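Participant: For reference, the sequence and a predicted model appear below.
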Amino acid sequence: MGIKDNKYYKEWFKGAWPYLTGAILLSLFQIVTLVTTGNPWGVSGVLANWGAWIFEAVGGNVDKWYYFSSEGAQRTLEGGLLNHGGSIRNIGIIVGALLAVLLASGFKIKKIKSMKQVVAAVIGGLLMGYGARIGFGCNIGALYSGIASFSLSGWVFGLFLFLGAIVGSKMLVKYFM
Amino acid sequence: MSDVNSSTGSSPSGGSIRRSSRSRSRKKKKNQLPIGVALLALIVAFGIFLGTRNEQLVLFWITGLAFGYILQHARFCFTAACRDPYLTGGTNLTKAVLVAFAITSIGFIAVHYGAHLRGAPMPGSAYIVPISAATAIGAFMFGIGMVISGGCASGTLMRVGEGFTMQLLSLFFFVVGSLWGAHDFGWWKLNVILQGKAVYLPDVFGWVGAVVVQLLIIALLWIAADKWADKKSQEA
Amino acid sequence: MKEVELDCYGEACPVPLVKAQNKLKEMEVGDVLIVQIDHSCAMKNVPEWARKEGHNVEVEEIDDGEWEVIIEKMK
């Protein structure tokens, strides 16, 4: 019997887990993250650092920016990507997803199909990046970790995220489909 | 038709749907498992490399991999959880996200309270942030962005790993937008955020009260999501 | 009985689901809709929605990362 017909292979690597399994496992690793690193899981703050590194690589300078002015932020920027835990974790998310797809034998490069997708990706990316900086995080840091940390800001973020998603849905159906 | 019901594990066991007997010439499937195993070896090697630099980096590496694997394998998508109730009437993911909120809350409050008992500084206090117009505007922008680009922060990273070129592009512009936001952050902080106030629920309701209130809100939202899906399903 | 193919290759969520919903609305009971997708999330949410609506559903993996969701309209 080949591995592909193996019952445990199918259950663990092929197919898909129920959403509830995902919810429980994510919670487990959120708690692991809080206990071990002293902070909950965050994703988008790291991306501002990536932006700063790219900007500095092409000759820019962010030292005078208020956002990067703290000693900790400066140290992170000087330490570089390979010494930055958050960056390592974000790369881990990409690689972990890739691993999941490969072990399920379902990897495929999905090419951009239309100009609409390009426009949607550019505008959507910019809105998410800017929104996450002024709103203190993304769906993970501000929403998930915020709510789980019993911060009222998480619920406020969630409410407006939901309203934004409705407007986004209308735009998606109208312009990007 | 031989491999109907095979491998995806999501088909019912009933008889197959009859389709026109157009024979499909199918490429022979490549087995990507060996590449997966090779990637696993690289992952371990990189972990060992990180370990020589700093032990804590290995932890970030492992938790990142776990988050990515879980998100992908459960198709866990925060964007869909926010969008589908309105767009398609489905709330399964919304309910799952609420369950994640509930379980994580219980774990987090235990950690907070443990630190409180020991008189230690509270872990994760940096995530209890002031509420201001910037929270609302930022979240609203983020909500629009994640729906049109087809992925939130974690979802975009996950889809890059899955091979989506579109999300690779949106990740790049996410980074650009972050830099833009970081550039303007001083203005927002001075004019908007400083007017806001951070609220930690246990300060308002007490430890037990906060847990009760939070779980009750989550439960009510869960019921609302469940009823909403039934309603939308009947309308269709 | 009609058989309709819906090409959603390269489309990310929720586009395949919305397209499938709209298409199925136009179709008659007994018709078969084949949604072609390469997005692993759609491979889960399209069948889930169709099953909840009470249609007959099958998922076929036709290549690495490509699926056909076959929906027989039941009502």
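Facilitator: Thanks, I have it.
Participant: switch to C-alpha atoms for all contacts and neighbour counts from now on
Facilitator: Fine.
Participant: near chain C at all, the longest helix along chain B?
Facilitator: Ranked by residue count and defined by DSSP state H, the top helix of chain B is helix B:207-235. Yes: against chain C, helix B:207-235 shows contacts by Cα under 8 Å from any Cα of the partner chain at B:Ser233.
Participant: That helix - contacts with which helices or strands?
Facilitator: Judged by 3 or more Cα pairs under 8 Å, 6 or more residues apart in numbering or on different chains; DSSP states H and E, helix B:207-235 is in contact with helix B:78-87, helix B:92-118, helix B:201-205.
Participant: May I see the buried residues of the shortest one?
Facilitator: In other words, helix B:201-205. Neighbour-count burial for helix B:201-205, with 16 or more other Cα atoms under 10 Å in any protein chain shown as criterion, is recorded at B:Leu201, B:Pro202.
Participant: List the contacts of it.
Facilitator: A:Phe150, A:Ser151, A:Leu152, B:Val208, B:Gly209, B:Ala210, B:Val211 (Cα atoms under 8 Å, 6 or more residues apart in numbering or on different chains).
Participant: What distance do you get for the residue lying closest to the fourth one once chain neighbours are set aside to B:Ser105?
Facilitator: Nearest in space to B:Val208, with sequence neighbours left out and distances taken as Cα to Cα, 6 or more residues apart in numbering or on different chains, is B:Pro202 at 7.8 Å. Here the distance between B:Pro202 and B:Ser105 works out to 12 Å (Cα to Cα, to the nearest Å).
Participant: where does the residue most central in space within chain A land on pLDDT?
Facilitator: Computing the C-alpha centroid of chain A and ranking residues by Cα atoms, centre = their mean puts A:Val43 first, at 4.5 Å. We have a pLDDT of 96 for A:Val43.
Participant: try A:Gly154
Facilitator: pLDDT, A:Gly154: 97.
Participant: Quickly check: stretch C:27-35 near chain A or not.
Facilitator: No: Stretch C:27-35 lies out of reach of chain A by Cα under 8 Å from any Cα, never closer than 15.8 Å.
Participant: ok, and what's touching that stretch?
Facilitator: Against stretch C:27-35 from outside (Cα under 8 Å, 6+ apart): B:19, C:1-8, C:16, C:20, C:24, C:68-75.
Participant: What residues sit buried inside that stretch?
Facilitator: Of all the residues in stretch C:27-35, those buried under the rule 16+ other Cα under 10 Å are C:Met27, C:Gly30, C:Asp31, C:Val32, C:Leu33, C:Ile34, C:Val35.
Participant: again with stretch B:224-236
Facilitator: Going by neighbour count (16+ other Cα under 10 Å), the buried part of stretch B:224-236 is B:Ala225, B:Asp226, B:Trp228, B:Ala229.
Participant: right, and out of those, which lies closest to A:Gly131?
Facilitator: When these are compared for distance to A:Gly131 (Cα to Cα), B:Ala225 wins out at 26.0 Å.
Participant: how close does the closest residue to the closest one other than its chain neighbours sit to chain C?
Facilitator: The shortest distance from B:Ala225 to any non-neighbouring residue, by Cα to Cα, 6+ apart, is to B:Thr91 (5.9 Å). Using Cα to the nearest Cα, to the nearest Å, B:Thr91 is found at 10 Å from chain C.
Participant: ditto for B:Trp187
Facilitator: Going from B:Trp187 to chain C by Cα to the nearest Cα gives 36 Å.
Participant: dump the residue contacts of the closest residue to A:Leu126 other than its chain neighbours.
Facilitator: Leaving aside its sequence neighbours, A:Leu126 sits nearest to B:Gly177 (Cα to Cα, 6+ apart; 4.2 Å). By Cα under 8 Å, 6+ apart, the contact set of B:Gly177 is A:Gly125, A:Leu126, A:Leu127, A:Met128, A:Gly129, A:Tyr130.
Participant: Next, residue 58: phi, psi?
Facilitator: You didn't pick a chain, so chain A it is. Note on A:Val58: its backbone torsions stand at phi -100, psi 20 [degrees, to the nearest 10].
Participant: Correction: the question concerned chain C.
Facilitator: phi -140, psi 150.
Participant: Show me which residues of chain A sit near chain C.
Facilitator: Contact residues (Cα under 8 Å from any Cα) of chain A with chain C: A:Ala16, A:Ser105, A:Gly106, A:Phe107, A:Lys108, A:Lys110, A:Lys111, A:Ile112, A:Lys113, A:Met177.
Participant: Okay then, goodbye and thanks.
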